[in-house]
Structures are given as C-alpha cells and as structure tokens.
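In: sequence unknown, structure follows:
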Ligand code: PMP
C-alpha cells in the first residue's frame, strides 16, 4: 500500500480481470459531481458511478448514516425483518403510485429483474416473455435472455431460455416505418410478428421506458400506453425496469409517470442504495399475495439488510429534502438544450435525445452508427476531465454517448460538461 501513484495501473493489470475497454483511470475520491484520480486530476462524473450515485459522491448525510448503522447492525440474514427494512418499504409504497405497495428486496438490478420475471411466470402460470429489442436487463439467465443488447456479453452462457419475443423499440431517429410522426407502426408490426412466433399469451412484458444501454431512447407516451393496454388485454404483467430511470432521474420519481400509466411490477436498483448494492421490486398487493401463495421463495443473503435499507432511506431523504427530482427536471432541460445545440453544429452528432438527466448523443459517420468514433469522442472527453457513459465499442448501438450526472448537478457543472463535449467533438471532427 506504499505504492507510488504511477504503479497502480500496472499492478491492476496483474491481478484484476477486466473488460478490454476500461479507461486507464485510478479513482480515489469523489464529492458531489466530481471525482479525483490518484494523481489529483479532477473529473466531472456524468455517469454517476454508473447511475448509482444519484445524490452525488460522498454525501455527508449518507456517510454518517452508513457509519452509524454499521456500528449498530449491518446484516441479520433473510429470515428476520428489521426497522430500516420496514421504513424503506413504507417509503417506497408512498413514492410509488397506487396500487404499487409491496416490496421484495435484493441487491442488484439483474437479481431484481430475475425475481420480477420469476414472479410474473409464477403468478400467470405462463413462461413466455416479451422484451424490447435494444433492451438490457442484466447478467443472470432470465435477465440475459430478455436482453437483446447483451448479445456479446452472453458469450459462453449456452442456450438461452425459450419463449422470449422481442418487440421493436419506438426509435424514431431510425424508424423504418414513418418519419417524424409516430403512429405506433413499430408496435403493431412487432405484435404481429410476436403473435406468429409465440403463443400470444406472455407472462410479462418487460420494458425500459428510456432504453439505456440500447442508446438512450425514451419511449413516447402513446407507445407506453399501447404496452399497458396490451398487457391488460392479454392478462400479462407489465414490468418496468427502472434500474437506470427510477427515483427521480427523469424528472419524475419513475419514468413510467411521464406516460400516465402504472406497471404491475417496478424494478429499482442502482440509485436506490446511495452506493450500497440495493434493489427492490415494488408490486401490487394482489401480485405479491399470488406469488407467495404459489410458493415464491426469495432467500437471498442480502435481502433488505439493515445496512442496505438504512443507507437507502438516508439516500431517499436526501432526494426529497434537497428537491432533487425537480433539479433533475430543470438541469435536464439545460442539458438537453445544450446537447441539441451540439447536434446542430456537428456533423458527427446524429441526434441528441433523452429525458431529464439521462441524455444521449448519437455519434454517426454519414448516416451509419459509429461506435468506434463514439469511443474516440468519449476518450477525448475523458482527457478533458469529463466522464461520460455508453462506451461499448464493437457494438452497433454503442454509438450513443450517455450523459447522466448526479441529480445534485449544478448549472455551472452542466455548462462545463457541455464545453468539454464541444471541445472533444471539435477535436475529433477536425
Ligand atoms: N436493468 C437495466 C436497465 C440496466 O441498465 C442494468 C445495468 N446497467 C441492469 C438492469 C442490471 O443491473 P445490475 O448491473 O445492478 O445487475
């Protein structure tokens, strides 16, 4: 531990197995929207620790509660309940619209989606699932299976679960049906295709209301309403995967609220735990009861631990007390306006899009998706002190740079990020 700062990367490569496109950064501390590496270089974190740090890095309130709870009771296994878990479940029931009122807890988004799909299958007695093309739901078997955007990550996983139907996302920028005016042709076409390939009676439809890994594609309200209606007609459960979008990021507590619909199961993870791996699915009393009656058992080692829940509660307190959902809406607008300006000025930007503080710049070469060029822009941003997400070279839809700062972000930080992005685009475009 007496290493010179220059040693870290070399040592990392000897003992940590990692993906080939990990940027060469050794980060050691953070505060709000900023992080610093071991050389003292400062970066704006417009990825929010991969969406986990919505309340910003090292929030003093969260640090304090984490310390206090660690000294009282961290873990008691999954057979016992605890006050923090009860308070957190009550808070989630308050935040989620009726009739969503019952929570199941676990630790990660993958695990929560796996649980949501399992509950849907158990409750409906069916096994087929519809998911969006370009969707991403995680790295466990069913979550993988429902993740069309995880093709490369699935390598080595063997045969995929049967009965998954993929529906086209409403991706207006590259819509093959109509241009500009969405008449839901993609939805109608998808359902025709899926009805030919499956029984037409799925257990669930799992949806990201802003597709994240698939290129930051917000779902138009009418598309969301069509999915809700489809689920009602077919007695299927609608699962909202709000791993990225939940708890204020889009300027509402949940992204589905923009469409005025209510899903049957909501998955929240990343931003819930304020940095501690914490996830929940929130569902209706009827679904929870049916699942339990049919013998649903979760039995995870970390399932609403006192430590997870106390920190999550403090994190939600911060979001509420600092009015961060409203800040996300306001700063999201500032970010959107700025990115829009960049899109009009730079040839290699195909489109700027997003919802609140999840925004994307689609990088193109001519009209083609340009993931390698996007990686170059991303690196140019990093060199200038800005961390952006969405970097997935070699994957066609990895051509959209993702901007998702903590919800605490200030106007000055948004403007600084936009200035850096512009400089990076100029450098690359030149
Ligand atoms: N759902 C979505 C929409 C995600 O973006 C992710 C992760 N990026 C997951 C699920 C999986 O979450 P985790 O990595 O916590 O398992």
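Out: All right, it came through fine. As the structure is a prediction and not an experimental result, all values here were calculated from the model.
In: residue contacts, residue 137?
Out: Residue 137 sits next to 109, 110, 113, 131, 143, 144, 146, 147, 206, 208, 241, 243 when contact means C-beta atoms under 8 Å, 6 or more residues apart in numbering. Using the backbone N, CA and C atoms, a C-beta is placed for each residue, glycine as well.
In: which ones among the residues you listed are found in helices?
Out: The members of the contacts of residue 137 that map onto helices under DSSP state H are 109, 110, 113, 143, 144.
In: what about the residues you listed, which one has the most neighbours?
Out: Greatest neighbour count in the ones in helices among the contacts of residue 137, by other C-beta atoms under 10 Å, goes to residue 113: 30 neighbours.
In: now the spatially most central residue of the chain: closest residue in space that isn't a chain neighbour?
Out: Centrality entry for the chain: nearest residue to the mean C-alpha point is residue 244, 1.9 Å, by C-alpha atoms, centre = their mean. Closest residue to residue 244 apart from its sequence neighbours, by C-beta to C-beta, 6 or more residues apart in numbering: residue 212 at 4.2 Å.
In: who's in contact with that neighbour?
Out: Residue 212 neighbours (C-beta under 8 Å, 6+ apart): 51, 136, 243, 244, 245, 358, 402.
In: buried subset of those residues?
Out: Among those, the ones that count as buried by 16 or more other C-beta atoms under 10 Å are 51, 136, 243, 244, 245, 358, 402.
In: doesn't residue 270 make contact with the third one?
Out: Yes: distance between residue 243 and residue 270: 5.6 Å, which falls inside the contact criterion (C-beta atoms under 8 Å).
In: who touches both of these two?
Out: Shared contacts of residue 243 and residue 270, counting by C-beta under 8 Å, 6+ apart, come down to 51, 109.
In: is residue 228 in a helix, a strand, or coil?
Out: Classification of residue 228 by DSSP: H, G, I helix; E, B strand; the rest coil places it in helix.
In: ignore what I typed, I meant residue 156.
Out: What three-state DSSP gives for residue 156 is coil.
In: ok, now how distant is it from residue 144?
Out: 11 Å (C-beta to C-beta, to the nearest Å).
In: average model confidence for stretch 232-249?
Out: Averaged across stretch 232-249, pLDDT comes to 98.
In: and if you look at stretch 252-265?
Out: 98.
In: list the buried residues of that stretch.
Out: Neighbour-count burial for stretch 252-265 [16+ other C-beta under 10 Å]: 252, 253, 254, 255, 256, 258, 259, 261, 262, 263, 264, 265.
In: got it, and stretch 190-210?
Out: 190-191, 194, 198, 202-210.
In: this protein: helices as residue ranges?
Out: Using DSSP H, helices in the chain cover 8-15, 48-51, 60-72, 83-95, 109-124, 141-145, 185-197, 221-234, 285-293, 306-321, 324-345, 371-383, 411-429.
In: what's the closest of those to the ligand?
Out: When the helices of the chain are compared by C-beta to the nearest ligand atom, helix 109-124 sits nearest the ligand, at 2.4 Å.
In: quick one: the closest one to helix 221-234, angle?
Out: 40 degrees (axes from the mean of the first three to the mean of the last three C-alpha atoms, to 10 degrees).
In: helix 109-124 packs against which elements?
Out: Contacts defined by 3 or more C-beta pairs under 8 Å, 6 or more residues apart in numbering; DSSP states H and E place helix 109-124 against strand 100-106, strand 129-132, helix 141-145, strand 204-207, strand 237-241, strand 265-268, strand 279-284, helix 285-293.
In: near the ligand at all, that helix?
Out: Yes: shown here: helix 109-124 in contact with the ligand (C-beta under 6 Å from any ligand atom) through 109, 110, 113.
In: what of stretch 263-270?
Out: Yes: under the criterion of C-beta under 6 Å from any ligand atom, the ligand is reached by stretch 263-270 at residue 269.
In: and that stretch, how far from the chain's centre?
Out: 11 Å (C-alpha atoms, centre = their mean, to the nearest Å).
In: what's the span of it, first residue to last?
Out: 19 Å (C-alpha to C-alpha, to the nearest Å).
In: and stretch 282-301, by the same measure?
Out: First-to-last residue span, stretch 282-301, C-alpha to C-alpha: 19 Å.
In: quick one: mean pLDDT over it.
Out: 95.
In: and for the one residue in the stretch 251-400 of the chain that gets nearest to the ligand, the neighbour number?
Out: Residue nearest to the ligand within the stretch 251-400 of the chain: residue 269 (4.9 Å; C-beta to the nearest ligand atom). By other C-beta under 10 Å, 28 other residues sit near residue 269.
In: quick one: name the residues of the stretch 251-400 of the chain near the ligand.
Out: residue 269.
In: check contacts around residue 81.
Out: residue 304.
In: quick check: pLDDT value at it.
Out: Looking at residue 81, the pLDDT reads 95.
In: from the ligand, how far off is it?
Out: 24 Å (C-beta to the nearest ligand atom, to the nearest Å).
In: for residue 33, what are its contacts?
Out: 44, 45, 46, 56, 57, 405, 406, 408, 409, 410, 413.
In: let's see it at 6 Å
Out: 44, 45, 405, 406, 409, 413 (C-beta atoms under 6 Å, 6 or more residues apart in numbering).
In: what do you get for residue 418?
Out: With C-beta under 6 Å, 6+ apart, residue 418 has these contacts: residue 338.
In: got TSV for the helices of the chain, with distance to residue 275 too?
Out: TSV is the format used below for these (distance: least, C-beta to C-beta, whole Å):
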stretch	distance to residue 275
helix 8-15	21
helix 48-51	7
helix 60-72	7
helix 83-95	15
helix 109-124	14
helix 141-145	22
helix 185-197	37
helix 221-234	30
helix 285-293	28
helix 306-321	7
helix 324-345	15
helix 371-383	22
helix 411-429	19
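In: out of these, which is the most enclosed?
Out: Highest mean neighbour count of the helices of the chain: helix 109-124, a mean of 25 (counted as mean count of other C-beta atoms under 10 Å).
In: and that helix with strand 100-106, angle?
Out: Using the same axes, to 10 degrees: helix 109-124 against strand 100-106 is 130 degrees.
In: who touches helix 109-124?
Out: Outside helix 109-124, the residues that reach it (C-beta under 6 Å, 6+ apart) are 106, 127, 137-140, 142-143, 203-204, 237, 239, 241, 243, 265, 267, 269, 279, 281, 287, 290-291, 294, 296.
In: quick one: distance of that helix to the chain centre.
Out: 17 Å.
In: and what of stretch 204-213?
Out: With C-alpha atoms, centre = their mean, you get 9 Å for stretch 204-213.
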